[in-house]
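Trainee: Need the 3D shape of this:
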Amino acid sequence: MDQSVAIQETLAEGEYCAVQGVLCEGDSRQSRLLGLVRHRPRHGGQEHALFLYTHRRMAITGDDVSLDQIVPVSRDFTLEEVSPDGELYILGSDVTVQLDTAELSLVLQLPFGSHTRMFLHEVARACPGFDPATPDPEFLWLSRYRCTGPEPEQPQPLGWDAAPETGPRRSGIGGGVSDFDDSRSDKKGLLGDPASSWGQDTPDSLLPRQNKSKSEITDMVRSSTITVTDKAHILSMQKFGLRDTIVKSRLVQEEEDYTYIQNFRFFVGTYNVNGQSPKEGLQPWLSHGIQAPDVYCVGFQELDLSKEAFFFHDTPKEEEWFKAVSEGLHPDAKYAKVKLIRLVGIMLLLYVKQEHAAHISEVEAETVGTGIMGRMGNKGGVAIRFQFHNTSICVVNSHLAAHTEEYERRNQDYKDICSRMQFCQVDPSLPPLTISKHDVILWLGDLNYRIEELDVETVKKLIEEKAFQTLYAYDQLKTQVAAKAVFEGFTEGELTFQPTYKYDTGSDDWDTSEKCRAPAWCDRVLWKGKNITQLSYQSHMALKTSDHKPVSSVFDIGVKVVNEERYRKTLEEIVRSLDKMENANIPSVSLSKREFCFQNVKYMQLQVQSFTIHNGQVPCQFEFINKPDEASYCKKWLNANPSRGFLLPDSAIEIELELFVNKTTATKLNSGEDKIEDILVLHLDRGKDYFLSVSGNYLPSCFGSPIHTLCYMREPILDLPLETIRELTLMPLQTEDDGIQLENPLGIPKELWMMVDYLYQNAVQQEDLFQQPGLRSEFEHIRDCLDTGMIETLSASNHSVAEALLLFLESLPEPVICYSTYHNCLECSGNYTASKQVISTLPTFHQNVFNYLMAFLRELLKKSAKNHLDENILASIFGSLLLRNPAGHQKLDMAEKKKAQEFIHLFLCNSP
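Mentor: Residues are numbered from 1 along each chain as shown. Model prediction:
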């Protein structure tokens, strides 16, 4: 997930986060985000600094990060890759770099992949070099930032040991070096978890993971030799220029001429562990009764059910289950960990046999949260994609929405994961890869589809009779796949084992709790692709740690392997044909459409229009480019997908223009300060520019409108003239307190009252309220009801209305607790009397809204025995929505977050 947006929110105007990297978590070391920040001084030129941030959850907004340290990219700045002599590594393990300046020395680890390659490349370009004619950077702009961590002059910041002075081999960045790519002069790779880079006196708590697992498990097994036959690695290396792009494209086109199919054995396993720690060995699941697999894909759900894991990103259980898996792998082979990726309680591990590690490349991992407001990671998916020889493989682990009746929500979760899961490619000129763009897709997880239309006793009776096919006819996943609602094109093996959910923990007995859940096949494995043979599909009743049973499937998967002689011959033929094509005519394309009109655009409702680029006889690269004095090639509500690419002669590509209005763009569209109008410039490398016109109209919405504006709208917003909406939206916040009173204002926005009243009437006893997301289609219905005033037609689930309320509060351009009083609120967060005094200073409409919301939340807490809400949950959810740090200021650290929650907590626990 790209977290540079969160870093950008912490920066002052005119400063730009060029690229973002992430430090890996492990043992006692804390995760960090790195931002390379660019500043343009008035006298010209550029200055750069590395900003290091702490974060306790996936960083989505600036509120999720806290600036820990700033390292100016000065003349003495160097950032060097390090790898100890004699070590081997696996392509896909983490990148270890050493950062040195005159004041400090740090050893950092960055995750393998194109994000890190681009990050290191940009850092190299940012180094000032040694040209004496260039003035020394002054870094005066850094004085406005406040760090929460140690000062730069301290030698061992962040609690990490300083790097050793000697030993590691390095390939340097800095001191005027202007380029970086994978083809290093020493032909050495990058380390996974190098013990030697931590010095001789590293405490046990900082030892790398492999020293804590079986000695056979190692993260460093990749051969250092790169040969011409290793096409997977050749095509993963950073390349520049049109000729290289053409060669790569032609090689992919003619792949069948130089590859053959070879079978490799894959183990795919999924286990919902219900928040438990490992209490028994995993060998019965992972290795008993099977041959040693070539590849292990092991997924977990509900790794940690604590509130800390839900609201933040930390959990000690990651290490516990990682060790348990490492110790449970097949004893007849040695394995290397390729990647571990986790989103809250959803974790995926990928291992390969050591002898195959040389043929793993292009490893990328991403996450998608589908929880409330699309942010919380209690539900969603994680994925790892990689190239194995010449076959692209994507492994997805997902945990979809719970409860029998929520199958539509599960369908939506699946579609969200498919559409939002995107992997960066090595070549930055190419668009991101989606899950579907892979040769082989393996999808595992707690999909949560249930058995419907049968009562509990009937289900248990059919299970006792082992009438699994009769029972399978009532399986929701079977029904939804048949309706082509989800998993179109996927295959699942025959279910010959009893349902894997729900058991009494520690036994094989069905659920005897008060809810007495009906048994269901929640835990599944599906696949998509060619040359795949399923050898087994089973559950493992021997494991009793959880209320689920683990599931495994073993496959033989045909992988495309390169024939060296044929590959060389194909490559030579391509190069010869290119030589004839050199200095050909200027590239030229034709566009199927150049004018696009988006009608009746609505808040958070995607509209897409497409056109086709047809190429002529000359290979070409295309890209949408910025217009003069503009920071992006298009306005924020628009996106072209793909925005750049490559076309072979006589080929074509479809481009989608996606228009989506959200909280950042809605207010100016409501006020008329912005319109659905833009011009896109499509540029051909060595060719001409093409201009595309975008127009349309936006339907104003209460979402994105200020509180005081809505209070002066007695009529629904869509019934008002556009000029009236414009005037009210642009009306200053303090108008009401300046003696200027417009006619008959409402005490609170009617739209807020409609949602809260609906929840008060229908949802005070609703379990998981404000924690489980609603349906997108229902949000659109709710929005339309609010904007047209037709509340009597509102028909939606409680969860959808609750999420709409949160989205409404998030969309307010001025939060309920105004920016001007934010710091006062934090200062008095432990004093209820002082806190009430601060609220009394808010503009009248904001006071009314705050008091109204607090009264409603206190009513919910009176029903906590039914809805399972408590003050901490509500304070965490509403604290970040009602109390937002002033725009453009340094974002709050964890201490400030806690104060914000404590402030809301006071009003939840005390009646006025």
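Trainee: I'd guess G44 is in a helix, am I close?
Mentor: No - looking at G44 with DSSP: H, G, I helix; E, B strand; the rest coil, it is coil, so not inside a helix.
Trainee: residues near it, how many?
Mentor: 7 (other C-beta atoms under 10 Å). All C-beta atoms are positioned from the backbone trio N, CA, C, and that covers glycine.
Trainee: Go through stretch 282-290 and flag the buried ones.
Mentor: Burial within stretch 282-290, assessed by neighbour count using 16 or more other C-beta atoms under 10 Å, is assigned to L282, P284, W285, L286, S287.
Trainee: wait, I meant stretch 692-704
Mentor: By neighbour count on 16+ other C-beta under 10 Å, the buried set for stretch 692-704 is L692, V694, G696, Y698, L699, P700, S701, C702, F703, G704.
Trainee: Need the max-distance pair from the residues you listed.
Mentor: L692 and C702 (32.0 Å; C-beta to C-beta).
Trainee: Next, I873: secondary structure please.
Mentor: Applying three-state DSSP: I873 is helix.
Trainee: How many neighbouring residues does it have?
Mentor: Neighbours around I873, by other C-beta under 10 Å: 19.
Trainee: wait, it sits on Q771?
Mentor: Yes - if you go by C-beta atoms under 8 Å, I873 and Q771 touch, sitting 7.2 Å apart.
Trainee: Name the residues that touch stretch 759-767?
Mentor: 769, 798-799, 801-802, 805, 856, 859-860, 862-863, 866-868 (C-beta atoms under 8 Å, 6 or more residues apart in numbering).
Trainee: in that stretch, what counts as buried?
Mentor: L759, A763, V764, Q766.
Trainee: Relative to V295, which of those residues is nearest.
Mentor: Q766 (43.3 Å).
Trainee: hang on, that closest one in a helix?
Mentor: No - counting by three-state DSSP, Q766 is not part of a helix but coil.
Trainee: Could you dump the buried residues of stretch 282-290 into JSON lines with secondary structure, pLDDT and distance to G529 added?
Mentor: Formatted as JSON lines, those follow (DSSP: H, G, I helix; E, B strand; the rest coil; pLDDT from 0 to 100; distance: C-beta to C-beta, whole Å):
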{"residue": "L282", "secondary structure": "coil", "pLDDT": "97", "distance to G529": "27"}
{"residue": "P284", "secondary structure": "helix", "pLDDT": "97", "distance to G529": "29"}
{"residue": "W285", "secondary structure": "helix", "pLDDT": "97", "distance to G529": "24"}
{"residue": "L286", "secondary structure": "helix", "pLDDT": "97", "distance to G529": "23"}
{"residue": "S287", "secondary structure": "coil", "pLDDT": "96", "distance to G529": "25"}
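Trainee: now, among the residues you listed, which is nearest to L52?
Mentor: Comparing the buried residues of stretch 282-290 against L52 with C-beta to C-beta picks out L282 as the nearest, at 36.4 Å.
Trainee: Give me the below-cutoff pLDDT ranges for the stretch 551-700 of the chain.
Mentor: 579-584 (pLDDT under 70).
Trainee: please redo it, this time with the cut-off set to 80
Mentor: 575-585 (pLDDT under 80).
Trainee: pLDDT value on T10, please?
Mentor: At T10, the pLDDT value in this model is 76.
Trainee: Helix, strand, or coil at the residue lying closest to P128 once chain neighbours are set aside?
Mentor: Leaving aside its sequence neighbours, P128 sits nearest to R75 (C-beta to C-beta, 6 or more residues apart in numbering; 5.3 Å). Under three-state DSSP, R75 falls in the coil class.
Trainee: For R75, grab phi and psi.
Mentor: phi -60, psi -30 (degrees, to the nearest 10).
Trainee: List just the nearest of the buried residues of stretch 759-767 to H403.
Mentor: Closest to H403, out of all of the buried residues of stretch 759-767 and judged by C-beta to C-beta, is Q766, at 11.7 Å.
Trainee: Could you tell me the phi and psi values at that closest one?
Mentor: phi -70, psi 120.
Trainee: roughly how far apart are it and R265?
Mentor: Per C-beta to C-beta, to the nearest Å, Q766 is found 47 Å from R265.
Trainee: which residues does D446 contact?
Mentor: T270, N272, Q301, E302, S398, H399, L400, Y501, C522, D523, H548.
Trainee: Quick check: beta-bridge partners of it?
Mentor: H399, D523 (DSSP bridges).
Trainee: show me where pLDDT drops low in the stretch 1-150 of the chain?
Mentor: For the stretch 1-150 of the chain, the ranges with pLDDT under 80 are 1-32, 42-45, 55-65, 80-96, 109-122, 125, 128-135, 146-150.
Trainee: how about the strands in it?
Mentor: Assigned by DSSP state E, counting those that start in this stretch, the strands in the stretch 1-150 of the chain fall at 15-22, 32-39, 47-55, 65-72, 78-84, 95-100, 105-110.
Trainee: Could you tell me which residues touch both of I873 and Q771?
Mentor: Common neighbours of I873 and Q771 (criterion: C-beta under 8 Å, 6+ apart): none identified.
Trainee: Show me what counts as buried in the longest strand belonging to the chain.
Mentor: What stands out as the longest strand in the chain, according to DSSP state E, is strand 259-272. By neighbour count on 16+ other C-beta under 10 Å, the buried set for strand 259-272 is T259, F264, R265, F266, F267, V268, G269, T270, Y271, N272.
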